[in-house]
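> need a structure here:
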Amino acid sequence: MVQWVNNDIIEKEVSTRWYRYVRDLFEYYIEKVH
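Numbering: from 1, shown residues only. Now for the predicted structure:
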């Protein structure tokens, strides 16, 4: 049970980092285009 909860937290952490990475990349792209 504890392991499952731990894995869930890690998954959310990874998703958040991926989301921030994509968002930053997108903003960078927009700045370069304009």
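> Quickly note the distance from Ile9 to Ser15.
With distances taken as CB to CB, to the nearest Å, Ile9 is found 11 Å from Ser15. No exception for glycine: its C-beta is placed from N, CA and C like everyone else's.
> how distant is the helix or strand in which Tyr21 is found from the center of its chain?
Counting by DSSP states H and E, the element that carries Tyr21 is helix 2-33. Centroid separation between helix 2-33 and its chain, computed with CA atoms, centre = their mean, to the nearest Å, is 0 Å.
> Please shift the residue numbers so they start at 351 in all later answers.
Understood, numbering begins at 351; the last thing we discussed is helix 352-383.
> what's it packed up against?
In terms of contacts (3 or more CB pairs under 8 Å, 6 or more residues apart in numbering; DSSP states H and E), helix 352-383 is not packed against any helix or strand.
> so who does Tyr379 touch?
If a contact means CB atoms under 8 Å, 6 or more residues apart in numbering, then Tyr379 has no contacts.
> Could you give me the buried positions within the helix holding Tyr371?
By 16 or more other CB atoms under 10 Å, helix 352-383 has no buried positions at all.
> Just the mean pLDDT for it, thanks.
For helix 352-383, mean pLDDT is 86.
> List of residues touching stretch 360-369?
Counting by CB under 8 Å, 6+ apart, no residue sits against stretch 360-369.
> Let's see that stretch as CSV, backbone CA atoms only.
Backbone C-alpha positions of stretch 360-369 (Å, rounded to 0.1, in the frame of the first residue of the first chain) are rendered in CSV as follows:
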residue,chain,number,x,y,z
ILE,A,360,6.5,10.0,-8.1
GLU,A,361,4.3,9.8,-11.2
LYS,A,362,2.6,13.1,-10.3
GLU,A,363,6.1,14.6,-9.8
VAL,A,364,7.3,13.4,-13.2
SER,A,365,4.1,14.7,-14.9
THR,A,366,4.5,18.1,-13.3
ARG,A,367,8.2,18.3,-14.4
TRP,A,368,7.2,17.2,-17.9
TYR,A,369,4.4,19.8,-18.1
